[in-house]
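Undergrad: next one to model:
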Amino acid sequence: MVGKRDEVRQRTFAEILETASRMAETEGWRTVTIRRIAAEIGYSAPVIYQHFTSKEAVLHTLLERVNGELAQRMRAAVAGEPASRGPRLAAVAYLEFARSRPGLYQLMSGAPGTDVDAATRRAAADDVIAFTRQLIGAWAAETSAELGSVEDACDLLWGTLHGLACIGSIDDIGFDRALRLADQAVTALLAHWSSTTAPPGPSAGH
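TA: As a prediction, the model looks like this:
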């Protein structure tokens, strides 16, 4: 049974993360500091340090959570659908996520003020990457496409969607255009992969 003190700690922990996210959405990540978070919540900075040793610790926790949310949305988008439609549906889910959570998407992308190195961001995205590879592998199996490297295909799709999400963030109608471009881009990628055969293996006796 969770005691009252534990409930308070859990509530404060969640409030810190929510406050950091809200500040980033409205003011940008450069404004997010431990002192600012404390002031927004109405606590002293030492209270925040009881939960997070630094701003970087706050960002790492948010990174793990936001990547988990993105993976969940992508899974939900393809659930019950044919594997042949998976990449397109997941692409839409990815861009809709970037549209609805711009501040957190900037954290994932390494925007100024996030202070998270590329290796850490990549590690936090393990679940999204693993699901994307699974998605492409399932598509290839259903369509009889022979991919030279599922990992390369995953990174190509991921990089394409990230670029389109950046386009989408430029103005209010940007994401509508990004979604149209995503359909064209994913269609082109799938057509290319479908027409590409894997290199032949070594002949017998060699």
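Undergrad: pick out the residue closest to the middle of this structure.
TA: Asn67 (4.5 Å; Cα atoms, centre = their mean).
Undergrad: can you tell me the element that one falls in?
TA: Using DSSP states H and E, Asn67 sits in helix 55-78.
Undergrad: tell me what that helix is packed against?
TA: Applying 3 or more Cβ pairs under 8 Å, 6 or more residues apart in numbering; DSSP states H and E, we find helix 55-78 packed against helix 4-27, helix 34-41, helix 86-100, helix 102-109, helix 118-124, helix 126-143. No exception for glycine: its C-beta is placed from N, CA and C like everyone else's.
Undergrad: what does the pLDDT read for Gly113?
TA: pLDDT, Gly113: 84.
Undergrad: quick one: list the elements packing against the worst-scoring helix or strand of the chain on mean pLDDT.
TA: Of all helical and strand segments in the chain, the minimum by mean pLDDT, DSSP states H and E falls on helix 118-124, at a mean of 84. In terms of contacts (3+ Cβ pairs under 8 Å, 6+ apart), helix 118-124 is packed against helix 55-78, helix 102-109.
Undergrad: gap between it and the chain center?
TA: Its chain's C-alpha centre and that of helix 118-124 lie 11 Å apart, by Cα atoms, centre = their mean, to the nearest Å.
Undergrad: could you do stretch 75-88 as well?
TA: Centroid separation for stretch 75-88 versus its chain: 17 Å, with Cα atoms, centre = their mean.
Undergrad: give me the buried positions along that stretch.
TA: 77-78, 83, 86-88 (16 or more other Cβ atoms under 10 Å).
Undergrad: ok so, going back, let's have the helices and strands packed on helix 55-78 in TSV, adding distance to Ala188.
TA: Converted to TSV, these look like this (distance: least, Cβ to Cβ, whole Å):
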stretch	distance to Ala188
helix 4-27	33
helix 34-41	44
helix 86-100	11
helix 102-109	23
helix 118-124	26
helix 126-143	14
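Undergrad: sorry, back to before: CA atoms only: put the least confident helix or strand of the chain into CSV for me.
TA: Below are the C-alpha coordinates for helix 118-124, written out as CSV (Å, rounded to 0.1, in the frame of the first residue of the first chain):
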residue,chain,number,x,y,z
ALA,A,118,22.8,12.3,-29.7
ALA,A,119,23.7,8.9,-28.3
THR,A,120,21.4,9.4,-25.3
ARG,A,121,18.5,10.5,-27.6
ARG,A,122,19.1,7.5,-29.8
ALA,A,123,19.1,5.1,-26.7
ALA,A,124,15.9,6.7,-25.4
